[in-house]
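> Next comes the sequence, and after it the predicted model I'd like to discuss.
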Amino acid sequence: MNFDLQYMLEISLQIAKYIPITLLLAIVSMVFAIIIGLVVALIRNSKIFGITHLAGLYISLFRGMPTLVQLFIIYYGLPQLFPSLSTMDAIMAAIIGFSLKESSYLAEIFRAGLNSVDKGQMEAGLATGMKRVQIYSRIILPQAALNALPATGNTFISLIKETSLAFTLGITELFAEGKILASASMRFFETYLVVGLIYWLLVILYSWIQKYLEIWLSKPLRR
Amino acid sequence: MIKVRNLTKHFGDKQVLTDINLDIKTGEVVAIIGPSGSGKSTLLRCLNLLEKPSNGTIEIKDVKLNTQKYKARDAYQLRQQTAMVFQHYNLFKNKTALKNVIESLLVSSKMKKEEAIQIGENLLKRVGLEKQAHQYPATLSGGQQQRVSIARALAVKPHAILFDEPTSALDPELVNEVLQVIRQLSKEDTTMVIVTHEMQFAKEVADHVIFMADGQIIEQGTPEQVIEHSLNPRTQRFLRQAGDETDGAAR
């Protein structure tokens, strides 16, 4: 069988050097996506005529287009309209693209999370003279976070893997490095297997972190 | 002092409160009784604007509010005059018993933490839960949760406490521990408005009883007048039915 284990081990380290750039793309995009997603979710929940529909449109738009198309619009398309954007580097474009797309998913997840916390606690807070903002930040959000965590984790896992699309903007991350090595050695199977396994490893690592996050957040709710 | 004038409320086309006028003196304990769907809870929830009234004025202590036009700030001020105890306790599930009690002191009154904890611990002692101070609501029984929620209501030193069927969600054997706490409060000059199905209890603690049906106040007076010797056929019918249920439960 034409399979070179030795070669696999050799390139593993070389590809692993690109884990930081993949993580940078995934984590920075996720942070922005969480912030934007939360704002959109709160707006969508606000029932203020007009802007709640605007939030709906945002979700529909960014959830409805392929990620690759969004990345191309931002990186190749926008500088055509706004020449000043031509200095935007690929990493920034990728982060913007991923953030917008993931935030549209997260907005819906967060909305469900917020709505899963029973309304009575909001009323109780208001009745004791607290303000809405205070009740949201101290009472509702911590509980909503727990409810939204599994689905948010899924989104993050998808995002880790989706960062491989960044190679189309010329960013050398895990997948791009694999591609370069594979075309040089013609050992496609081994190379892409290594790339795949590294993604898998990252996902396992994250799942493990999430487990502990869940235990920590759910501490108050255990009997 | 609570003063309500010409309060009305409708949900869509459905009129749930019709021209309610109410006067409650400081220190008075008022029980509101009546069949379910009569608007008792809605009236209570209008007093702190959890339900937005359609018309009328509400005056609590020195805050007067025209329900037709008020700002968020006015609502906030009116709410600060009262505290509420809910049927389903509505404790903050991510906070311990003690934190539930002192949350509004820390957040709204901007009190120092040590001072708030002191007050919180005293209040928990008052409702007999000093040992449970650091337990989360999920680990407390219904009766204990409701007592925490009473302590939480007391913490803000409200002008009046509104009780919305405080024992309706409790198992029968837990009802008494909560009533005992309320009974104690009634002796301490706390102004209280209690929506309840416990006739015996209403008779015992209330200075004034209001009977409501179909969104209107049908009859009001002392417990003797309304519960013992009502001359109103509507009240009599309700009390007879309520009595049958109690007998049924006792059997």
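Structure's in. What do you need?

> Going by C-alpha atoms from here, please, whenever you check contacts or count neighbours.
OK.

> Which positions in chain A make contact with chain B?
Taking CA under 8 Å from any CA of the partner chain as the contact definition, chain A meets chain B at A:120-121, A:123-131, A:134, A:139, A:142-143, A:220-223.

> What remains of those if I keep only buried residues?
A:120-121, A:123-131, A:134, A:139, A:142-143, A:220 (16 or more other CA atoms under 10 Å in any protein chain shown).

> so where's the longest helix in chain A?
Longest helix in chain A by number of residues (criterion: DSSP state H): helix A:188-217.

> Give the buried residues for it.
Buried, per 16+ other CA under 10 Å, within helix A:188-217: A:E190, A:T191, A:Y192, A:V194, A:V195, A:I198, A:Y199, A:L202, A:V203, A:S207, A:Q210, A:L217.

> same thing with stretch A:109-119?
For stretch A:109-119, using 16+ other CA under 10 Å, the buried residues are A:I109, A:F110, A:R111, A:A112, A:G113, A:L114, A:V117.

> So which of these are in strands?
Members of the buried residues of stretch A:109-119 lying in strands (criterion: DSSP state E): none.

> mind listing which of those are in helices?
A:I109, A:F110, A:R111, A:A112, A:G113, A:L114.

> For these, please prepare a markdown table with the additional fields pLDDT.
Compiled in a markdown table, these are given as follows (pLDDT from 0 to 100):
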| residue | pLDDT |
| --- | --- |
| A:I109 | 96 |
| A:F110 | 96 |
| A:R111 | 94 |
| A:A112 | 95 |
| A:G113 | 95 |
| A:L114 | 94 |
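
> Are we agreed that B:I20 is in a helix?
No - B:I20: not assigned to a helix; according to DSSP: H, G, I helix; E, B strand; the rest coil it is strand.

> That one bridge partners, please.
B:L7 (DSSP bridges).

> on that earlier part again, check which helices and strands the longest helix of chain A sits against.
helix A:5-16, helix A:141-162, helix A:174-185 (3 or more CA pairs under 8 Å, 6 or more residues apart in numbering or on different chains; DSSP states H and E).

> Filter the buried ones among the residues of chain A next to chain B down to the ones in helices?
Those of these lying in helices (DSSP H): A:G120, A:Q121, A:E123, A:A124, A:G125, A:L126, A:A127, A:Q134, A:P142, A:Q143.

> who touches the residue of the stretch 101-250 of chain B found nearest chain A in this structure?
Nearest residue of the stretch 101-250 of chain B to chain A, counting by CA to the nearest CA: B:T139, 4.9 Å away. Taking CA atoms under 8 Å, 6 or more residues apart in numbering or on different chains, we find B:T139 in contact with A:R222, A:R223.

> hang on, isn't A:A145 packed against A:G113?
Yes - counting by CA atoms under 8 Å, A:A145 touches A:G113, with 6.8 Å between them.

> In the helix or strand hosting B:R5, which of the residues would be classed as buried?
Assessed by DSSP states H and E, B:R5 sits inside strand B:2-11. Using 16+ other CA under 10 Å as the test for burial, strand B:2-11 gives B:I2, B:K3, B:V4, B:R5, B:L7, B:T8, B:K9.

> quick one: the first one and B:F211, what's the gap?
It refers to B:I2. To B:F211, B:I2 is 18 Å away according to CA to CA, to the nearest Å.

> And for the fifth one?
Look at B:L7 and B:F211: by CA to CA, they are 16 Å apart.

> Residues of the stretch 51-200 of chain B that sit close to chain A?
Looking at chain A, the residues of the stretch 51-200 of chain B close enough under CA under 8 Å from any CA are B:76, B:79-80, B:82-84, B:86, B:88, B:90-96, B:104, B:107-108, B:136-139, B:152-153, B:156.

> Helices - which of those residues land there?
B:Y76, B:R79, B:S104, B:V107, B:R152, B:A153.

> Got a ChimeraX select line for the buried ones in those residues?
Entered in ChimeraX, the line below selects the buried ones among those, by 16+ other CA under 10 Å:
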select /B:76,79,104,152,153
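
> farthest pair in the ones in helices among the residues of the stretch 51-200 of chain B next to chain A?
Greatest spacing in those, by CA to CA: B:Y76 and B:R152 (17.7 Å).

> The strand holding B:R5 packs against which elements?
strand B:14-24, strand B:55-60.

> Looking at the buried residues of stretch A:109-119, which is nearest chain B?
A:V117 (9.5 Å).

> Ramachandran coordinates for that closest one?
Phi and psi for A:V117, reported as degrees, to the nearest 10, are phi -80, psi 130.

> if I pick it, what's in contact with it?
A:I140, A:Q143, A:A144.

> cool, and A:E102?
By CA under 8 Å, 6+ apart, the neighbours of A:E102 are A:M30, A:A33, A:G37, A:T155, A:L159.

> what about it, which helix or strand?
helix A:90-116.

> before we move on, back to that, and the buried residues of helix A:188-217 as JSON lines, adding pLDDT?
Compiled in JSON lines, these are given as follows (pLDDT from 0 to 100):
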{"residue": "A:E190", "pLDDT": "94"}
{"residue": "A:T191", "pLDDT": "96"}
{"residue": "A:Y192", "pLDDT": "96"}
{"residue": "A:V194", "pLDDT": "96"}
{"residue": "A:V195", "pLDDT": "97"}
{"residue": "A:I198", "pLDDT": "97"}
{"residue": "A:Y199", "pLDDT": "97"}
{"residue": "A:L202", "pLDDT": "97"}
{"residue": "A:V203", "pLDDT": "97"}
{"residue": "A:S207", "pLDDT": "96"}
{"residue": "A:Q210", "pLDDT": "95"}
{"residue": "A:L217", "pLDDT": "88"}
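
> Pick out whichever of the residues you listed sits closest to A:L174.
A:V195 (6.6 Å).

> quick revisit: how about CSV for the ones in helices among the buried ones among the residues of chain A next to chain B, with pLDDT added?
CSV is the format used below for these (pLDDT from 0 to 100):
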residue, pLDDT
A:G120, 95
A:Q121, 97
A:E123, 96
A:A124, 97
A:G125, 96
A:L126, 94
A:A127, 94
A:Q134, 94
A:P142, 92
A:Q143, 94
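
> Setting the sequence-adjacent residues aside, check what's closest to A:Q80.
The shortest distance from A:Q80 to any non-neighbouring residue, by CA to CA, 6 or more residues apart in numbering or on different chains, is to A:S86 (7.9 Å).

> need the contact list for B:I119.
By CA under 8 Å, 6+ apart, the contact set of B:I119 is B:I102, B:A155.

> before we move on, what about B:I58?
B:I2, B:K3, B:V4, B:R5, B:L7, B:L47, B:K64, B:L65, B:N66, B:T67.
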